[in-house]
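# need a structure here:
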Amino acid sequence: MTNNQISLFDNESDTAMYKHKLTLEKIKNELINFGLTKSQAKVFIYLGKYGSKTASEIAKALQLPRTETYHLVNSLQNLGLVVAELCHPTKYNAMDMREAVATLVKQEQDRIDVLANKEESLSEMWKEIPFFAVETDESKSEKMQLLHGTGPITNKIKEMVGNSSEEIKIFGSVSDLLRMYHSDVFDWIESAPTNLKMVASPLNQIPEFLSEMNSDSIRAMSSNSENKCFVVNDKKEVLIFMRNATHPTRQVFAWWSDSETLVDMMSSLFELSWEKGAALY
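Predicted coordinates:
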């Protein structure tokens with residue numbers, strides 16, 4: 001076995017693989033996001049780049065215990081990401097990356113479908129159990145919730161739209177509004193018994209997706225406020241992005257609350273921005 005094979009994850013500055021360090025880390029982290037463990041991801045990457053190997057060769061190259069390595073290749077086989085050759089000793093090959101990702105996505109979709117099918121039965125079982133909490137003034141106190149990631153935040157906005165009967169106010173950058181557009185937020189608002197008021201900041205050029213919308217519901221600001229984004233539902237609740245779509249990591253993070261004081265404050269800020277903003281046409 002050559003030194004190059006052993007140094008796949010040995011990314012010191014004086015090694016040949018150092019220039020691929022960031023790419024390898026990104027690939028490994030993305031595979032972990034798909035549900036693989038750190039060790040599974042390393043084994044898959046190793047096989048994908050060095051071809052057919054025995055468990056002993058894998059263990060030696062990645063400095064893993066041999067017993068653990070057998071468990072790792074077997075688990076990757078069960079996931080459909082690795083195939084074994086009928087030879088002695090057994091050698092293992094990784095699937096093509098595109099096929100592997102498609103397999104992981106399909107498995108995740110199947111899992112979600114199974115969970116979705118249990119939604120009604122689980123809800124019915126839950127209703128069968130009596131509610132034992134005693135209503136107090138404390139149970140009606142103001143609430144807050146921290147939300148990480150596009151999925152949970154989009155679901156919260158959808159819930160806010162469903163609770164709205166008067167007006168949804170959205171302040172954000174073009175990147176924020178584009179993300180909401182692709183998440184069907186504006187379609188939900190159009191189908192709901194509520195009105196939309198939106199301020200885009202900054203907005204120096206009208207993007208195509210905004211030109212398709214009712215210009216009377218949109219105001220533009222030229223001042224640079226692209227790191228600010230929030231959504232206000234009537235006088236009931238507010239969602240404030242602590243990290244929005246313009247954040248360098250692209251990882252969004254938001255804070256929701258039904259605090260009357262906070263809702264009034266953000267609603268006033270929106271109205272002030274609306275008055276300062278200019279019509280699109």
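# drop to CA atoms for contacts and neighbour counts, all remaining ones
Will do.
# Report the secondary structure element holding the residue of the chain positioned farthest from its centre.
Distance from the centre of the chain peaks at residue 88, with 43.5 Å (CA atoms, centre = their mean). For residue 88, there is no host helix or strand (DSSP states H and E).
# show me the contacts for it.
Shown in contact with residue 88 (CA atoms under 8 Å, 6 or more residues apart in numbering): no residues.
# cool, residue 225 as well?
If you count contacts by CA under 8 Å, 6+ apart, then residue 225 has 172-173, 201-202 around it.
# So it belongs to a helix, correct?
No - when the secondary structure is assigned by DSSP: H, G, I helix; E, B strand; the rest coil, residue 225 falls in coil instead of a helix.
# so residue 83 makes contact with residue 100?
No - the criterion here is CA atoms under 8 Å, and residue 83 misses it with residue 100 at 11.4 Å.
# Retrieve the pLDDT associated with the residue nearest to residue 258 when sequence neighbours are not counted.
Ranked by CA to CA, 6 or more residues apart in numbering and with sequence neighbours excluded, the top spatial neighbour of residue 258 is residue 237, at 4.2 Å. For residue 237, the model assigns a pLDDT of 95.
# and residue 237, how far is that from residue 164?
In this structure, residue 237 and residue 164 are separated by 10 Å, where distance is defined by CA to CA, to the nearest Å.
# Same check on residue 87?
Taking CA to CA as the measure, residue 87 and residue 164 are separated by 65 Å.
# which of the two has more neighbours?
residue 164 (21 against 7; other CA atoms under 10 Å).
# elements contacting whichever strand or helix holds residue 190?
Using DSSP H and E, the element containing residue 190 is helix 185-191. Helices and strands in packing contact with helix 185-191 are listed as helix 150-163; criterion 3 or more CA pairs under 8 Å, 6 or more residues apart in numbering; DSSP states H and E.
# how about the helix it packs on: buried residues?
Of the residues in helix 150-163, those with enough neighbours to count as buried (16 or more other CA atoms under 10 Å) are 150, 153-154, 156-158, 160-163.
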